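Undergrad: Build the 3D model from these lines:
(one chain, ligands or ions: 2)
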Amino acid sequence: MSALPPVGRLQWTDVPAPLRARLETALGAAVTDTVTPPGGFGHQLAAALTLADGRRFFVKASSTDDPLTAANLHEGAVLGSLPPGAPAPELVGIHHAAGWTAVVIAHLDGPHPDLSPDSFDPGQIWGLLDKLTSSPAPAPYAAAVAATASGAAALHGWRELLADPPGDLPPAALHHLRELADLEAAWPALAHGDRIVHGDLRADNMVRDHGRGVTFVDWAHATTGPACIDAVSLAPQLVLAAHDPQDIVRLLDEHPATATDPLAASAFLAALTGHWHRNARLPAPPGAPGLRDYQHRAATAGTALLACRLS
Ligand SMILES: Nc1ncnc2c1ncn2[C@@H]1O[C@H](COP(=O)(O)OP(=O)(O)OP(=O)(O)O)[C@@H](O)[C@H]1O
Ligand SMILES: [Mg+2]
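TA: Ligands and ions are numbered 1, 2, ... in the order given. Sure, this is the predicted structure:
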């Protein structure tokens with residue numbers, strides 16, 4: 001049976017005892033403490049385990065028939081195939097027991113990065129994105145993601161919003177509605193590429209590890225694609241963290257990941273923002289508290305960027 005609580009994440013004690021025992025055997029010590037970090041919208045176990053000998057590991061686990069298990073296994077395959085030096089934690093192991101699956105990942109120690117204008121973290125993240133996308137994905141990574149369709153390529157919303165515009169759409173969106181629907185329609189044809197794409201870049205999917213610096217986590221949506229996807233995804237997050245949209249649009253104009261194909265960057269920003277506007281207005285799904293509120297805020301940030309980019 002799929003364990004899907006109405007709100008919040010599964011805890012270590014929700015994991016069937018045989019899988020907990022399997023993990024303790026594989027890791028070589030008993031689990032003495034677990035911490036579920038705040039952030040994210042998923043319902044599966046995603047927790048830092050401390051062992052009796054003081055070592056720590058990060059574990060994601062869910063019932064094998066839960067759709068999140070396929071995402072966790074995809075993440076495991078991605079972590080096992082990223083090139084050396086990629087900003088990601090290492091895969092430690094994958095374990096199955098009692099109809100559940102656990103993916104064990106190296107533990108990162110630190111807070112989420114601070115995306116606000118006073119912080120050095122955004123500069124480091126732009127640098128990581130430059131490095132990650134400046135050459136084609138290596139063959140093992142490309143093979144690991146080959147069977148997974150890009151979620152980014154399928155994002156849309158403006159065509160529905162154009163057909164029946166909600167009264168509360170921001171004026172900038174209403175003003176550009178036809179143009180946004182056209183840009184979004186151009187996106188699927190531009191959504192192909194050979195670069196590494198994390199596919200879900202938000203502050204809560206990064207950890208500023210004390211030793212490694214900012215490191216990307218939650219590679220469950222990773223694919224190959226055009227270089228612009230992660231840089232464009234980061235842009236509204238920076239606006240949400242109080243950056244001036246004009247500054248971020250200038251950065252997008254200059255950054256190698258977005259400057260080389262400005263049409264693809266604008267089309268993806270349109271598709272992502274349309275997706276947020278459309279989904280924010282749908283009923284809330286079970287097990288994801290806060291998702292609709294986040295989508296409303298992200299839609300507003302994306303619209304502010306589009307307004308600068310299109311005007
Ligand atoms: N390797 C790690 N070490 C330490 N903390 C981590 C690690 N990976 C993730 N985290 C923390 O755990 C949180 C949840 O992990 P993650 O984002 O991978 O789970 P998820 O359920 O896939 O998330 P989402 O709800 O975004 O889909 C992250 O926001 C981050 O704070
Ligand atoms: Mg996450």
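Undergrad: Please make it C-alpha for all contacts and neighbour counts, starting now.
TA: OK.
Undergrad: burial measure for the residue of the stretch 201-311 of the chain found nearest ligand 1, as a count.
TA: Residue nearest to ligand 1 within the stretch 201-311 of the chain (CA to the nearest ligand atom): Asp218, separated by 3.6 Å. Residues contacting Asp218 under the criterion other CA atoms under 10 Å number 24.
Undergrad: Just list the residues touching it, thanks.
TA: 75, 200, 205-206 (CA atoms under 8 Å, 6 or more residues apart in numbering).
Undergrad: Please report the distance of the residue positioned nearest the centre of the chain from ligand 1.
TA: Within the chain, one residue has its C-alpha closest to the average C-alpha position: by CA atoms, centre = their mean, that is Asp200, at 1.8 Å. The spacing between Asp200 and ligand 1, counted by CA to the nearest ligand atom, to the nearest Å, is 8 Å.
Undergrad: Could you say which helix or strand holds that residue?
TA: Using DSSP states H and E, Asp200 maps to neither a helix nor a strand.
Undergrad: and His156, how many neighbours?
TA: His156: 25 neighbours (other CA under 10 Å).
Undergrad: hang on, isn't it packed against Ala271?
TA: Yes. Under the criterion of CA atoms under 8 Å, His156 makes contact with Ala271 at 4.7 Å.
Undergrad: Quickly list what's touching both of those two.
TA: Residues touching both His156 and Ala271 (CA under 8 Å, 6+ apart): Glu184.
Undergrad: Please report how far the residue nearest to the centre of the chain lies from Gly211.
TA: 23 Å (CA to CA, to the nearest Å).
Undergrad: ok so, going back, got phi/psi on the residue nearest to the centre of the chain?
TA: Per-residue torsions, Asp200: phi -160, psi 50 (degrees, to the nearest 10).
Undergrad: show me what contacts the closest residue to it other than its chain neighbours?
TA: Nearest non-adjacent residue to Asp200, counting by CA to CA, 6 or more residues apart in numbering: His221, 6.5 Å away. By CA under 8 Å, 6+ apart, His221 lies in contact with 71, 74-75, 150-151, 198-200.
Undergrad: mind running it again at 10 Å?
TA: 71-72, 74-75, 78, 145, 148-152, 197-201 (CA atoms under 10 Å, 6 or more residues apart in numbering).
Undergrad: filter those to the buried ones?
TA: 71-72, 74-75, 78, 145, 150, 152, 197-201 (16 or more other CA atoms under 10 Å).
Undergrad: Looking at those, which has the smallest pLDDT value?
TA: Note: of these, the lowest pLDDT belongs to Ser150, at 90.
Undergrad: Looks to me like that residue is in a strand.
TA: No. Under DSSP: H, G, I helix; E, B strand; the rest coil, Ser150 falls outside any strand and is assigned coil.
Undergrad: neighbours of Ala77, just the number please.
TA: Ala77 has 21 neighbouring residues, counting by other CA under 10 Å.
Undergrad: Give me the pLDDT value at the spatially closest residue to Val31 that is not a sequence neighbour.
TA: Using CA to CA, 6+ apart and skipping the chain neighbours, the partner closest in space to Val31 is Leu51 (4.4 Å). At Leu51, the predicted lDDT confidence score is 98.
Undergrad: Ok, His192 next?
TA: With respect to pLDDT, His192 scores 96.
Undergrad: contacting residues for the residue nearest to it when sequence neighbours are not counted?
TA: Sequence neighbours aside, Gly225 is the residue nearest to His192 in space, at 4.8 Å (criterion: CA to CA, 6+ apart). Neighbouring residues of Gly225 by CA under 10 Å, 6+ apart: 133, 136-137, 150, 152-153, 190-199.
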